[in-house]
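Enquirer: Just need the structure, nothing else, for what follows:
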Amino acid sequence: MSEESENVMDRNLTLEIVRVTEAAAIAASKLVGRGDKVMADQVAVDAMRDALNSLHIHGRVVIGEGERDKAPMLYIGEEVGTKKGPKIDIALDPLEGTDITAAGGANALAVIAMTDEGGFLNAPDVYMQKIAVGPDVNPNVLDLDAPIGDVLQKIAKEKGTTTEELMVCILDRPRHEELIRDVRKSGARINLIGDGDVSAIIATTDSDTGIDVYVGSGGAPEGVLAAAALQCIGGSMLGRLLFRDDDERGRAEHWGITDLNKVYTTDDLAKGDNVMFAATGVTDGTMLHGVRCYSGGVKTSSIVMRSKSGTVRHIETKHDLTCKN
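Expert: Model prediction:
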């Protein structure tokens with residue numbers, strides 16, 4: 001890493017990037033519960049782009065808005081920032097939980113991660129099989145191919161408890177019916193969520209959330225974002241890309257992925273000691289409060305992490321503006 005990069009990718013930028021997620025979260029909060037996920041995503045994208053372009057970086061988006069839902073994009077390859085700083089790779093999701101926001105549900109976030117150039121896997125917009133745990137579990141016990149009951153038994157042993165005491169978080173999707181049956185058969189408890197697997201994976205690192213394990217398939221870009229957080233806060237995950245057709249395989253090959261069956265570790269997804277991660281709550285969740293309006297402004301709740309120092313900051317901010325409905 002160059003001296004120039006060290007000067008920029010420091011604690012000051014770590015605090016600056018939280019302003020990016022705050023801007024996106026505030027914009028999206030105006031659409032909470034209004035039933036329009038497309039517009040909520042669009043305003044979050046616009047706000048995040050504007051905030052990014054004020055930073056003194058030469059940023060390149062390597063994980064951006066997905067093509068799967070034809071959402072408004074901060075597109076992969078887009079350059080952001082003032083272009084006066086060093087080259088930095090960016091992974092982002094201006095609104096993780098568009099459906100959640102539209103319905104007024106829990107755990108919607110604005111999320112961003114940054115690292116040195118080449119630090120993030122260029123994950124295509126396909127699904128990824130995932131399993132994640134907190135820092136109190138040896139990553140060597142994780143396995144995407146072993147029966148889930150066997151893996152949960154090993155995780156429980158690592159945590160000094162029983163399988164029956166584990167809480168396993170799974171996205172509530174038809175594709176997970178067999179997985180859910182197998183987890184129940186193991187005796188473990190299950191927390192089914194409607195959306196938001198980035199926050200669910202991060203939740204495994206905090207005992208106060210009650211989540212011990214995350215397992216199942218979700219978006220690959222979200223997997224990279226979650227890995228960036230784990231690189232900062234601790235914890236481990238494994239991920240493997242899942243392809244439904246030749247078009248998706250071709251998309252992976254386009255981004256330089258040659259081993260389509262590779263199992264990725266946390267370090268493979270977000271490597272290096274210079275990873276930064278920030279998230280701001282849009283709606284209330286297990287990790288963060290949502291945006292709250294008061295007379296003349298709004299309050300935001302954010303978390304910002306830095307792998308180099310291992311610091312995790314929880315930031316509550318009052319913004320002097322009018323919260324219009």
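Enquirer: What are the boundaries of the strands in this protein?
Expert: When assigned using DSSP state E, the strands of the chain occupy the ranges 58-63, 79-80, 87-96, 109-116, 127-133, 167-171, 189-193, 213-219, 236-242, 263-265, 276-281, 292-294, 297-306, 311-320.
Enquirer: In a markdown table, list the ones you listed along with mean pLDDT, mean neighbour count and distance to Asp46.
Expert: Placement of C-beta: from N, CA and C, glycine included. Supplementary listing: the strands of the chain in a markdown table, determined by pLDDT from 0 to 100; neighbours: other C-beta atoms under 10 Å; distance: least, C-beta to C-beta, whole Å:
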| stretch | mean pLDDT | mean neighbour count | distance to Asp46 |
| --- | --- | --- | --- |
| strand 58-63 | 91 | 22 | 14 |
| strand 79-80 | 92 | 18 | 13 |
| strand 87-96 | 93 | 27 | 9 |
| strand 109-116 | 95 | 28 | 12 |
| strand 127-133 | 97 | 25 | 27 |
| strand 167-171 | 97 | 21 | 28 |
| strand 189-193 | 96 | 18 | 27 |
| strand 213-219 | 96 | 26 | 21 |
| strand 236-242 | 97 | 23 | 30 |
| strand 263-265 | 97 | 18 | 32 |
| strand 276-281 | 96 | 29 | 16 |
| strand 292-294 | 90 | 14 | 20 |
| strand 297-306 | 94 | 22 | 17 |
| strand 311-320 | 92 | 13 | 17 |
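Enquirer: Take these and write them to TSV, including distance to Ala156.
Expert: Formatted as TSV, those follow (distance: least, C-beta to C-beta, whole Å):
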stretch	distance to Ala156
strand 58-63	33
strand 79-80	44
strand 87-96	29
strand 109-116	29
strand 127-133	11
strand 167-171	11
strand 189-193	12
strand 213-219	9
strand 236-242	16
strand 263-265	22
strand 276-281	28
strand 292-294	38
strand 297-306	27
strand 311-320	26
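Enquirer: Could you point out which of those sits nearest Glu158?
Expert: If you check each of those against Glu158 by C-beta to C-beta, strand 127-133 wins as the nearest, at 8.1 Å.
Enquirer: chain center to the closest one, what's the gap?
Expert: 12 Å (C-alpha atoms, centre = their mean, to the nearest Å).
Enquirer: Each with direction, which strands does it pair with?
Expert: Pairing partners of strand 127-133, with direction, according to DSSP bridges: strand 213-219 (antiparallel), strand 236-242 (antiparallel).
Enquirer: Thanks a lot, catch you later.
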